[in-house]
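Trainee: quick one, fold the following:
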Amino acid sequence: MTWTRENPGAGEPWGIRNQATLRTNRADDLRVVQGTLGAVRNDAGSADWTAKSRDAFVANLDALGPSLVLLIQGLDAHAAALQRYATEIEQIQDQQSVLGHQRSDAQDQLVKHERQRSTLLAGMELWATEPSHSVDSARLDRVIDADQTMLRGCDAQWEDLIAHRRSADSTCAQQLGSVQALGPLAAFTATAIRFDSSTELLSRFATLSAADLQVLVGLHPDLAGRFTAHPPSAQMVAEWWSALGHDQQLALAAGVPEVVGALDGVPWEVRFSANRTNIAAAQDDEAAVIAGLREEITTLQAHPNRGDSQAGMALAAALGETLARAKTLREMGSSDRQVLLFDPTGNGRYAEVHGTLSAETSNVGIIVNGTTLAMDTVLMYDERAKGLYDASVTRQEDVVTITWMGTDFPGWDTYVTGDIEGMAEDGGARLAEFVTGVDEVVTVAGQEPPRIGVFLHSAGGLIGGSAEKIGLPADYVVHIESAGAGPDVSAVDDYAQPNKERFVMTAPGDFMQLTQGGFTNMGVDPDRLAGITVLDSGREGLIDPAAHDGVFEPGSEAWEELYGVLTTDGRH
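Mentor: Numbers count the residues shown, from 1 in each chain. Next up is the predicted model:
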């Protein structure tokens with residue numbers, strides 16, 4: 001609206017407030033729509049709905065939700081900006097009125113006193129010998145100076161009013177036209193979504209509430225995947241998390257559990273809680289898939305002409321696999337499990353902790369298993385870490401063990417047709433970062449840190465060897481029936497820390513000996529690494545297929561050797 005230097009308060013605050021009210025009313029209308037959609041979504045589980053149609057309908061409703069939130073936030077922000085602007089115009093108008101009267105009064109007084117002085121000066125020319133005339137003239141000079149000072153003060157305040165109006169106009173225009181003024185969420189979606197750096201994303205996450213974070217993930221479900229593809233360093237995460245306020249930490253854990261649960265460097269208890277949420281969400285997703293498959297099977301059975309036996313068998317097989325996955329998820333979601341990493345996509349990502357960190361914890365053992373490790377088999381392999389921990393409880397040793405599946409592990413065909421080297425190197429980088437995160441968490445100022453060991457079984461040796469090439473912050477490494485010392489590793493000098501303490505166990509009858517040192521992309525046989533300590537497997541057969549996994553049989557000679565390494569009191 002037009003204003004001038006002579007009238008900086010020009011405008012109609014009531015009209016501005018009307019515009020604000022219109023936006024508030026529109027936001028309220030959208031809130032009603034939001035509530036209605038929520039009620040409809042809750043009612044969508046009625047018996048009249050079939051699984052596939054219901055899921056599609058609910059998915060469409062869920063897709064609308066985040067956009068509605070942004071619209072409501074934008075209208076609320078605009079309404080608030082206009083209300084503030086109207087208030088500022090009223091303040092300027094009030095100050096302008098008061099200042100106008102003050103300036104008019106000061107001007108009148110100045111004119112009056114200047115006339116009095118002129119009259120007095122004219123009289124002094126006639127009565128030059130009268131002393132009182134000089135006194136009156138001096139007093140009038142002082143009064144006129146005061147009048148002029150008052151006018152200059154009024155002029156200065158008028159300039160302040162003009163500056164205030166310019167500032168109010170500029171601020172309102174910015175808040176109505178700038179996306180940043182609509183709130184952190186709007187600013188985030190408009191700019192930071194384009195960032196490739198997960199570090200920058202983390203910094204921006206800290207500016208959002210839990211509700212806004214959930215909306216953000218709803219709008220951009222690919223965001224969480226960026227932290228899996230390009231994880232920030234564990235040290236950076238630890239520093240970032242410790243710098244956050246408690247409320248910010250709670251908001252992040254509630255708003256983006258799929259991100260927080262996967263961040264190496266975040267305190268374990270926070271990640272356990274986040275991953276319980278993530279597992280519950282995966283269980284819901286799996287239940288929806290099961291319902292959909294059952295509906296398709298029922299439809300096919302009711303109309304056999306619409307399909308053939310192959311379609312039926314394919315659906316039955318898919319249902320069987322999904323039911324098995326649902327059973328695994330139920331087990332993972334057990335309240336007594338401490339899940340440090342969970343991602344059900346693809347082959348899956350999973351890590352589980354056994355035991356509780358304390359000032360007395362002397363050893364942390366990280367178990368990296370090998371070939372065929374995937375989401376559907378990881379709990380079976382986790383029995384190895386659990387068995388070692390359970391024994392430590394019985395024997396009163398303060399130990400923590402961890403099963404780690406933080407990368408894609410090879411299948412049998414990978415050794416022949418796949419990129420075993422690339423898989424090992426990618427996994428090695430992830431393992432090194434994970435162990436760094438463990439080190440960040442277990443290292444407490446003023447306390448002696450526990451000894452960290454990494455136990456590498458089968459193809460896990462290739463991953464661990466790759467991690468050692470770039471630097472693995474563990475106190476020692478154990479190769480167990482290992483496929484090799486790591487891609488292109490011919491000696492310990494190929495490792496970042498050649499003098500690290502290392503152990504190796506290879507049963508004489510294990511078929512894995514046929515691969516050790518036989519392929520360049522797997523590296524040298526770990527038994528041949530300089531300075532490595534050879535552990536006795538206790539097995540003697542020249543052909544012993546069971547040896548490969550049998551070394552983990554609790555109570556066996558091989559298992560006792562591994563347990564002895566794990567529980568060695570070597571805290572530094």
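
Trainee: alpha carbons only for contacts and neighbour counts from here, please
Mentor: Will do.

Trainee: may I ask which helix or strand encompasses residue 342?
Mentor: Using DSSP states H and E, residue 342 sits within strand 338-343.

Trainee: so how far is that strand from its chain's centroid?
Mentor: When distances are taken as C-alpha atoms, centre = their mean, to the nearest Å, strand 338-343 is centred 15 Å away from the chain's centroid.

Trainee: please enumerate residues in contact with it?
Mentor: When contacts are defined by C-alpha atoms under 8 Å, 6 or more residues apart in numbering, strand 338-343 is touched by residues 258, 261-262, 268, 271-272, 275-276, 278-279, 332, 348-354, 406.

Trainee: now, those residues that are in strands?
Mentor: Taking DSSP state E as the definition of strands, these contribute 349-354.

Trainee: just the strands in the stretch 301-450 of the chain please.
Mentor: Using DSSP state E, counting those that start in this stretch, the strands of the stretch 301-450 of the chain run over residues 338-343, 349-354, 363-368, 399-405.

Trainee: can I get the last one in PDB, CA atoms only?
Mentor: Only the C-alpha atoms of strand 399-405 are listed here, as PDB (Å, rounded to 0.1, in the frame of the first residue of the first chain):
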ATOM      1  CA  VAL A 399      31.600 -59.100  27.900                       C
ATOM      2  CA  VAL A 400      29.500 -57.600  25.100                       C
ATOM      3  CA  THR A 401      29.100 -59.300  21.800                       C
ATOM      4  CA  ILE A 402      27.600 -58.000  18.600                       C
ATOM      5  CA  THR A 403      26.400 -59.600  15.400                       C
ATOM      6  CA  TRP A 404      27.000 -57.400  12.400                       C
ATOM      7  CA  MET A 405      25.400 -57.600   9.000                       C
END
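
Trainee: compute the inter-axis angle for that strand and strand 349-354.
Mentor: Orientation of strand 399-405 against strand 349-354 (axes from the mean of the first three to the mean of the last three C-alpha atoms, to 10 degrees) gives an angle of 170 degrees.

Trainee: so residue 262 sits against residue 270, correct?
Mentor: No. Using C-alpha atoms under 8 Å, residue 262 is not in contact with residue 270, being 10.5 Å away.

Trainee: these two: which is more packed in?
Mentor: Neighbour totals were compared for residue 262 and residue 270, and residue 262 leads with 26 against 16 (other C-alpha atoms under 10 Å).

Trainee: bridged to the closest residue in space to that one that isn't next to it in sequence, which residues?
Mentor: In this structure, residue 262 finds its nearest non-sequential neighbour in residue 341, 5.3 Å apart by C-alpha to C-alpha, 6 or more residues apart in numbering. Bridge pairing for residue 341 (DSSP bridges) gives the partners residue 351.

Trainee: tell me, how many neighbours does residue 341 end up with?
Mentor: By the criterion of other C-alpha under 10 Å, residue 341 has 27 neighbours.

Trainee: same thing with residue 14?
Mentor: Residue 14 has 13 neighbours, counted by other C-alpha under 10 Å.

Trainee: surely it touches residue 83?
Mentor: No. With contact defined as C-alpha under 8 Å, residue 14 does not count as touching residue 83 (9.7 Å).

Trainee: how is this structure carved up into domains?
Mentor: Taking automatic domain parsing as the reference, the chain has its domains at 13-182, 189-254, 267-337, 346-566.

Trainee: can you list these in CSV and add mean pLDDT?
Mentor: Formatted as CSV, the domains of the chain follow (pLDDT from 0 to 100):
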stretch, mean pLDDT
domain 13-182, 78
domain 189-254, 76
domain 267-337, 87
domain 346-566, 89
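
Trainee: so for residue 6, which of these sits nearest?
Mentor: Among the domains of the chain, the nearest to residue 6 by C-alpha to C-alpha is domain 13-182 (9.0 Å).

Trainee: what packs against the longest helix along the chain?
Mentor: Counting residues, the longest helix found in the chain (DSSP state H) is helix 51-126. Secondary-structure packing of helix 51-126 (3 or more C-alpha pairs under 8 Å, 6 or more residues apart in numbering; DSSP states H and E): helix 13-43, helix 131-177, helix 210-219, helix 268-302.

Trainee: may I see the buried residues of the first one?
Mentor: Which is helix 13-43. By neighbour count on 16 or more other C-alpha atoms under 10 Å, the buried set for helix 13-43 is 13, 16-17, 19-21, 23-24, 27, 30-31, 34, 37-38, 41.

Trainee: related to what we said a few turns ago, out of the strands of the stretch 301-450 of the chain, flag the one nearest residue 112.
Mentor: Closest to residue 112 of those, according to C-alpha to C-alpha: strand 338-343, at 85.8 Å.

Trainee: avg pLDDT for the closest one?
Mentor: Mean pLDDT, computed over strand 338-343, is 94.

Trainee: now it and strand 399-405, what's the angle there?
Mentor: Here strand 338-343 runs at an angle of 10 degrees relative to strand 399-405 (the same axes, to 10 degrees).

Trainee: contact partners of stretch 146-154?
Mentor: Residues outside stretch 146-154 that contact it (C-alpha under 8 Å, 6+ apart): 99, 102-103, 106-107, 109-110.

Trainee: could you check how far it is from the centre of its chain?
Mentor: Distance of stretch 146-154 from the chain centroid (C-alpha atoms, centre = their mean) equals 60 Å.

Trainee: that stretch: which residues count as buried?
Mentor: Of all the residues in stretch 146-154, those buried under the rule 16+ other C-alpha under 10 Å are 147-148, 150-151, 154.

Trainee: using JSON lines, lay out these together with distance to residue 235.
Mentor: Putting these into JSON lines (distance: C-alpha to C-alpha, whole Å) gives the following:
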{"residue": "147", "distance to residue 235": "68"}
{"residue": "148", "distance to residue 235": "66"}
{"residue": "150", "distance to residue 235": "63"}
{"residue": "151", "distance to residue 235": "63"}
{"residue": "154", "distance to residue 235": "59"}
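
Trainee: hmm, back to that, closest to residue 399 among the contacts of stretch 146-154?
Mentor: residue 99 (77.7 Å).

Trainee: wait, isn't the closest one in contact with residue 158?
Mentor: Yes. Using C-alpha under 8 Å, residue 99 is in contact with residue 158, at 7.4 Å.

Trainee: neighbour-wise, which of these two wins?
Mentor: The residue with more neighbours, out of residue 99 and residue 158, is residue 158; 22 against 18, by other C-alpha under 10 Å.

Trainee: quick one: contacts for the more buried one?
Mentor: Under the criterion of C-alpha under 8 Å, 6+ apart, the contact list for residue 158 reads 96, 99.

Trainee: make JSON lines out of the ones in strands among the contacts of strand 338-343 and add neighbour count and distance to residue 523.
Mentor: Shown next, in JSON lines, are those (neighbours: other C-alpha atoms under 10 Å; distance: C-alpha to C-alpha, whole Å):
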{"residue": "349", "neighbour count": "21", "distance to residue 523": "26"}
{"residue": "350", "neighbour count": "23", "distance to residue 523": "27"}
{"residue": "351", "neighbour count": "22", "distance to residue 523": "26"}
{"residue": "352", "neighbour count": "24", "distance to residue 523": "29"}
{"residue": "353", "neighbour count": "25", "distance to residue 523": "30"}
{"residue": "354", "neighbour count": "23", "distance to residue 523": "32"}
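
Trainee: where do the helices of the stretch 401-550 of the chain begin and end?
Mentor: For the stretch 401-550 of the chain, applying DSSP state H, counting those that start in this stretch gives helices covering 414-417, 420-442, 460-470, 547-550.

Trainee: which other helices and strands contact the last one?
Mentor: Just to be clear, that refers to helix 547-550. Under the contact criterion of 3+ C-alpha pairs under 8 Å, 6+ apart, helix 547-550 touches no helix or strand at all.

Trainee: quick one: buried residues of it?
Mentor: Using 16+ other C-alpha under 10 Å as the test for burial, helix 547-550 gives 547-548, 550.

Trainee: residues in contact with residue 355?
Mentor: Counting by C-alpha under 8 Å, 6+ apart, residue 355 touches 389, 399-401.
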